[in-house]
Structure formats: structure tokens, C-alpha cells
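Undergrad: here is my input; please provide its structure:
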Amino acid sequence: MTLPGFFEGTGMPDAGWWEALFADPAGILQSVGLSAGSDAVDLCAGDGWFTLPMARIAHHVVAIDIDAQMLDVSRARFREAAVGNCTFAVGDAYALPQMLSKPADFVFLANAFHGVPDRPKLASAVRSVLKPGGLFAIVNWHRRPREETTILGEARGPKSELRMSPSSTIEAVRPSGLIFKQAVEIPPYHYGAVFQNER
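TA: The predicted structure follows:
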């Protein structure tokens, strides 16, 4: 069953290939701008593969997802690791401003932007919660045919037609007023696009 508001092509992967694809989540987070002491948001956080390493770097993390069951998996990760600096919130990504009690230094969105129906709206919601100088980091699949992006011997990721080039991601965020800062390669199949709130 698909939840109302669930973004297209953004379901969590089978156990095992997330680790095969993103073996160093902390390194990825740091490459797209997460710094020690940040107040961070993991938007569309899913089962917490990035959330836990984010919490080990940041001062505090808010993990947001529309799927309460996925957040339960993430909570279990945190209990097992005895890490406590994360707040979990079930809700629609567009409603991000209503789910935060204070502005953020860093908002992270992995493997979901391609499925967002109104990308400028989401980027504007992110901008509204960022501190001046705060960063919005989007990790996306490169625009390559799905049959070419194999993990553990199988084609993985969203449909080919859903995938976005870095330039398409930049153009989708531009109306929000966030400023593109850099693109980061995330082998083997992803890139990170980093934007800054300069107001």
C-alpha cells in the first residue's frame, strides 16, 4: 500500500543493497556540507541509514518521513547504537516548517527529489527553515538508464525517466531563491547538489 503523499519512486530498498550502494554514509554527509555541531534535518529519512551517522556528526537531528513504520526502524537503529540526539516526526515533506521548532543549519534529502511532484514548493519549504548560510543537500541518481545501475547484480533505483541530471536539479531548486554552491560526485551512480540560503 502506498501512503497518500508518498513521492513516486522513493520506496526504501531491500535490506543489504543500501549498504552496498552507500557504504560510507558519514563520508557522503560530510562531502555535501554537514559539519560538527549542526542542527540538521534528514528529510524523507526512511529507515535511518543516513540519519544515524548524521546524528554522530551533528548537534541534533530531526528525522522526518511520511511513513511511520520506516521511522520505527530508524528509532530501533538509534536504540541499538545508544544515540539519543534525534527527534522523529511523521509528516509530509512540504509541511517541513510546521515540524521544526527552530531553524536548521543543514537539510539533507537522499534518493527522493526525483519523485517530488512540486520541486520548487519543496525547495521553498526547505529555504524557509534554513538559517542564513544554511545548506540544502540533495543526493540524486544520475540520469542513466536503470539497466546500467546495478547493485549486487540487479538493476536498481527509480525508473530511467524519473532520474534527473544535476542541471535539472539546479533548475528545479532555483525558483526558491536558494543559491547553487557545488556538485559532488558520489560513486558509483549518484551526485550531490548543494544549495545555500544566502539571505
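Undergrad: going by C-alpha atoms from here, please, whenever you check contacts or count neighbours.
TA: Will do.
Undergrad: can you tell me the closest non-neighbouring residue to Leu71?
TA: Asp47 (5.8 Å; CA to CA, 6 or more residues apart in numbering).
Undergrad: the one you found contacts Val73, doesn't it?
TA: Yes - assessed by CA atoms under 8 Å, Asp47 is found in contact with Val73 at 5.3 Å.
Undergrad: distance of the residue nearest the centre of the chain relative to Leu152?
TA: Central residue of the chain (CA atoms, centre = their mean): Leu109, 1.6 Å from the mean position. Leu109 is 24 Å from Leu152, where distance means CA to CA, to the nearest Å.
Undergrad: now Asp24
TA: 17 Å.
Undergrad: mind naming the longest helix for the protein?
TA: The helix that spans the most residues within the chain, counting by DSSP state H, is helix 68-81.
Undergrad: show me what the helix or strand following it is packed against.
TA: Counting by DSSP states H and E, the element after helix 68-81 in chain order, helix or strand, is strand 86-90. With contacts taken as 3 or more CA pairs under 8 Å, 6 or more residues apart in numbering; DSSP states H and E, strand 86-90 sits against strand 60-65, helix 68-81.
Undergrad: one more time with 10 Å, if that's ok
TA: Contacting strand 86-90 under the criterion 3 or more CA pairs under 10 Å, 6 or more residues apart in numbering; DSSP states H and E are the following elements: strand 39-43, helix 51-57, strand 60-65, helix 68-81, helix 96-99.
Undergrad: of those, which stretch is the most buried?
TA: Compared across these, strand 39-43 shows the largest average neighbour count, a mean of 27 (mean count of other CA atoms under 10 Å).
Undergrad: give the rounded mean pLDDT of it.
TA: What strand 39-43 shows for mean pLDDT is 98.
Undergrad: what angle do strand 86-90 and it make with each other?
TA: Angle, strand 39-43 to strand 86-90, by axes from the mean of the first three to the mean of the last three CA atoms, to 10 degrees: 40 degrees.
Undergrad: so how far is Arg143 from the residue lying farthest from the centre of the chain?
TA: Ranking residues of the chain by C-alpha distance from their mean position (CA atoms, centre = their mean) puts Gly153 at the top, at 25.0 Å. Going from Gly153 to Arg143 by CA to CA gives 19 Å.
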